[in-house]
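>>> Sharing a sequence plus its predicted fold:
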Amino acid sequence: MSELESHSLSVENSFISIEKIVKDIRKTPLFRQVVPMEAVTGWPIPLRKNGRVFIILPFYGAQNKEKGKTILYPPLALITVDCITMVVVEYISTRFKNSWPDGNWETAAGYFPHEAISKMTIREYKNLKQQLMGLYDILIKCLIDGTELDAEVDAKFSEILGILMEPNLIPFYKAIRPSFFGHFLKD
Amino acid sequence: MHDDFTNEIDTSGQPLDLNGDGQIDASGIDTTGSGHVDTIYIDTNGDGQYDRVEHDGNLDGLTDVIGVDATGSGYVDTIYLDINGDGEFDKVEHYNFTDESFEQGVSRNSLSAYGHIGNNHNYTYLEDELAAISSDHEQINITQAGHDLDNDGQISFMEVPTNSLHIGRDPYNDNDYGIMPAQFNINSGEDGIIGNPGEDMSYWHMQTHDDTCAVVSQEYILDDLTWQHFNEDDLVNVAIEHGWYTPGGGTTMDNVGKLLEYYGLHVERGSGTIDSLESALANGHKVIVGVDANEIWSNGTDSIHDQLYSVMGIPDSDANHAVEVIGIDRSDPQHLMVILNDPGHPGGQGSMIPLELFKQSWADSGNFMVEASKYNT
């Protein structure tokens, strides 16, 4: 654990945190223009291209009418930002273009909380999510620096993402970025 | 229906002399062909006009419906009904022949809905005029009105006009969602109330689609500022047609307010502050903001020890919801509150959120705010 902490502390100022990117995207003009405000942000997807690191943020519709059973719809939009400059480099309406067969956009694709986390307390969930966000930061820093991800971090990332990810949404994530989720969400 | 009760004395039914003065003052009618009199028309003041009707539909000896001329209009204008057959009247319907408005109220005994129906914008709370059903079955005084908003047969909250000025909710309601119910002076400007939440609350209804919070928030404002009644489904169709709303997704922030503009209202969008929000409300303008629904729904009451299956929404999911801000309550300087019409929550009519929690929830949207008014001021 101490090694994880040291990784976390080594993140440079140029990239602040994945949590800040997730929060700030909602304040951008593009988000206000094209993504429904009711949309929930999915798990970020890092990618490296042409020497720069980007984050793909998926957004999907959700319905909150019932306690303990938030309905999640298929992802409806993807926004890709430069993780350092926050410049948006791509927006995709997945209802127009997607990597999975068109389905019924108003039919539940999954639920929150799914079985693996439904009995977690809010504190436990937040702690686990916080831990995953910290691991994202380490991963992104490695991508920026071009260094290899520590095996322990790699395994921990895989373990926590596997717990927090709604199983029914995995096919969508794998369709968006097969290499990333193929690596971290092994069958 | 009321005209049927205003017949001249007609003895085609079974003539009755109820007070034994030798004069026919009532007529019993078998309206169902059962062979038994189930309805009696009565001339209570001897003017030769029926001004009261009593009906026992199931012939159990308990009067189910009484119609009276409550206002001296010469017509039966008010009907009391025993909905659940317990022998107690629990519903009143009143027709105003002057302005042709219709109002109805249901007592808490019925565990049913309470509604206001009017033919104009400025209908008033009926309970202030007609207070609880008393034992003589005529003096109705609905001092409390029960709302079963989630249709579970339990009253979700009560409207209790404590001194005809305040709206409050019953402490023993079944609303365990954690949000604070409305408890404020309904008069704008009184007791530090900014805005007109008492009236604005009357336009609330819960959104009927999963993702129409922004559409319904605009509907409240359209109903209010245009004095016309709008329907959620109609507005949804208009919004879909213009690309302002995506079923299964919702409304983008830039499109919040487009329906208001479409129907002729003036709209300004941007990032607000508490000061600009207060200023808008004080000027009679209407305000929609983007918030993190999970923060305001838990109202700080979700324990970190609560399990996920027992709470609403997804913790830490950022701004994802549109609500109308209808007032700010500064009556208690130590506990400043923001009053909302929240279309996404069963208890969202006039729900009160601590100012600090509201600010936190609002910040997640970059303080997104839409201000609407009738005119460009």
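Cool, got the structure.

>>> what ranges do the strands span in chain A?
A:40-41, A:45-49, A:52-63, A:70-82, A:88-93, A:110-112 (DSSP state E).

>>> And the contacts of stretch B:360-367?
For stretch B:360-367, the surrounding residues in contact (Cβ atoms under 8 Å, 6 or more residues apart in numbering or on different chains) are A:23, A:26-27, A:37, B:253, B:271-273, B:289-292, B:295-296, B:318-319, B:353, B:368. Where C-beta positions appear, they are placed from N, C-alpha and C, glycine not excepted.

>>> With mean pLDDT, mean neighbour count and distance to residue B:228 as added columns, please give the strands of chain A in a markdown table.
A markdown table is the format used below for the strands of chain A (pLDDT from 0 to 100; neighbours: other Cβ atoms under 10 Å in any protein chain shown; distance: least, Cβ to Cβ, whole Å):
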| stretch | mean pLDDT | mean neighbour count | distance to residue B:228 |
| --- | --- | --- | --- |
| strand A:40-41 | 92 | 21 | 34 |
| strand A:45-49 | 94 | 15 | 47 |
| strand A:52-63 | 92 | 22 | 29 |
| strand A:70-82 | 92 | 22 | 33 |
| strand A:88-93 | 94 | 15 | 34 |
| strand A:110-112 | 90 | 20 | 39 |
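
>>> what's the closest of the ones you listed to residue A:141?
With Cβ to Cβ as the criterion, residue A:141 lies closest to strand A:52-63 of those, at 9.0 Å.

>>> got the angle for the closest one vs strand A:70-82?
160 degrees (axes from the mean of the first three to the mean of the last three Cα atoms, to 10 degrees).

>>> Alpha carbons only: can I get strand A:52-63 in CSV?
What follows is strand A:52-63, C-alpha atoms only, in CSV (Å, rounded to 0.1, in the frame of the first residue of the first chain):
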residue,chain,number,x,y,z
ARG,A,52,-0.5,12.6,-25.7
VAL,A,53,-2.9,11.1,-23.2
PHE,A,54,-6.6,11.5,-23.5
ILE,A,55,-9.6,10.5,-21.4
ILE,A,56,-12.8,9.2,-23.0
LEU,A,57,-15.7,10.0,-20.8
PRO,A,58,-18.9,8.0,-21.5
PHE,A,59,-22.3,9.4,-20.5
TYR,A,60,-25.4,7.4,-20.1
GLY,A,61,-29.0,8.0,-19.2
ALA,A,62,-30.3,7.0,-15.7
GLN,A,63,-33.5,6.9,-13.8
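
>>> For the stretch 101-250 of chain B, what lies in contact range of chain A?
Taking Cβ under 8 Å from any Cβ of the partner chain, the part of the stretch 101-250 of chain B that reaches chain A is made up of B:210, B:211, B:213, B:214, B:246, B:247, B:248, B:249, B:250.

>>> Inside strands: which ones of the residues you listed?
Counting by DSSP E, these contribute nothing to strands.

>>> Redo those as TSV? Include neighbour count and pLDDT.
Converted to TSV, those look like this (neighbours: other Cβ atoms under 10 Å in any protein chain shown; pLDDT from 0 to 100):
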residue	neighbour count	pLDDT
B:210	21	77
B:211	28	87
B:213	30	94
B:214	31	96
B:246	24	89
B:247	16	87
B:248	20	82
B:249	25	86
B:250	27	92
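
>>> if we take these, which one ends up nearest to residue B:285?
residue B:214 (17.5 Å).

>>> do you know how far residue A:105 is from chain B?
Relative to chain B, residue A:105 is positioned 4 Å away (Cβ to the nearest Cβ, to the nearest Å).

>>> any idea what sits nearest residue B:204, other than its immediate chain neighbours?
residue B:349 (3.9 Å; Cβ to Cβ, 6 or more residues apart in numbering or on different chains).

>>> For beta bridges, what are the partners of that neighbour?
Beta-bridge pairing of residue B:349 under DSSP bridges involves residue B:341.

>>> try the one 4 residues further on
With DSSP bridges as the criterion, the beta-bridge partners of residue B:353 are residue B:338.

>>> ok so, going back, any of the contacts of stretch B:360-367 buried? List them.
Among the contacts of stretch B:360-367, those classed as buried by 16 or more other Cβ atoms under 10 Å in any protein chain shown are A:23, A:26-27, A:37, B:253, B:272, B:289-292, B:295-296, B:318-319, B:353, B:368.

>>> Check which helices and strands the helix of greatest length in chain B is in contact with.
For chain B, the longest helix by residue count, based on DSSP state H, is helix B:213-226. Where contact means 3 or more Cβ pairs under 8 Å, 6 or more residues apart in numbering or on different chains; DSSP states H and E, helix B:213-226 is packed against helix B:197-200, helix B:232-242, helix B:258-262, strand B:286-291, strand B:321-329, strand B:368-373.

>>> Tabulate those (TSV), appending mean pLDDT.
As requested, the helices and strands packed on helix B:213-226 are exported to TSV (pLDDT from 0 to 100):
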stretch	mean pLDDT
helix B:197-200	83
helix B:232-242	96
helix B:258-262	97
strand B:286-291	96
strand B:321-329	94
strand B:368-373	96
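
>>> can you put these in a markdown table and add distance to residue A:58?
Below are these laid out as a markdown table (distance: least, Cβ to Cβ, whole Å):
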| stretch | distance to residue A:58 |
| --- | --- |
| helix B:197-200 | 37 |
| helix B:232-242 | 23 |
| helix B:258-262 | 26 |
| strand B:286-291 | 20 |
| strand B:321-329 | 19 |
| strand B:368-373 | 21 |
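
>>> quick one: low-confidence ranges for chain B?
B:1-13, B:83-86, B:88-92, B:94-191, B:298-305, B:376-377 (pLDDT under 70).

>>> Go again with 50.
Low-confidence regions of chain B, defined here as pLDDT under 50, cover residues B:1-11, B:107-179.

>>> Which pLDDT does the model give the residue nearest the centre of chain A?
Residue closest to the mean C-alpha point of chain A, counted by Cα atoms, centre = their mean, is residue A:43 at 1.6 Å. On the pLDDT scale, residue A:43 is placed at 95.

>>> wait, what's in contact with it?
A:58, A:161, A:164, A:165, A:173.

>>> and the gap between it and residue A:119?
Remark: distance between residue A:43 and residue A:119 (Cβ to Cβ, to the nearest Å) = 21 Å.

>>> Next: residue B:320.
24 Å.

>>> Check residue A:69 too.
14 Å.

>>> which one of the helices and strands packed on helix B:213-226 lies closest to residue A:182?
Evaluated with Cβ to Cβ, the helices and strands packed on helix B:213-226 place strand B:321-329 nearest to residue A:182, the distance being 34.5 Å.

>>> Taking strand B:286-291 as reference, get the angle to the longest helix of chain B.
170 degrees.

>>> what comes up buried for helix B:213-226?
Buried residues in helix B:213-226 (16+ other Cβ under 10 Å): B:213-225.

>>> Return the set of buried residues in stretch A:134-154.
Those would be A:134-144, A:149-150, A:153-154, for stretch A:134-154 by 16+ other Cβ under 10 Å.

>>> Spatially nearest residue to residue B:52, not counting backbone neighbours?
Distances taken as Cβ to Cβ, 6+ apart put residue B:42 closest to residue B:52, at 4.3 Å, once the chain neighbours are dropped.

>>> thinking that neighbour is in contact with residue B:54, fair?
Yes. Using Cβ atoms under 8 Å, residue B:42 is in contact with residue B:54, at 7.0 Å.

>>> longest helix in chain A, by residue count?
helix A:122-145.

>>> so that helix versus strand A:52-63, what angle?
Going by the same axes, to 10 degrees, helix A:122-145 makes 150 degrees with strand A:52-63.

>>> looking at the sheet around residue 41, what are its partners?
Picked chain A for this. Note on residue A:41: beta-bridge partners by DSSP bridges are residue A:59.

>>> ah, I was thinking of chain B
Beta bridges link residue B:41 to residue B:27, residue B:53, judged by DSSP bridges.

>>> burial of it, as a residue count?
A count of neighbours around residue B:41, defined by other Cβ atoms under 10 Å in any protein chain shown, yields 26.
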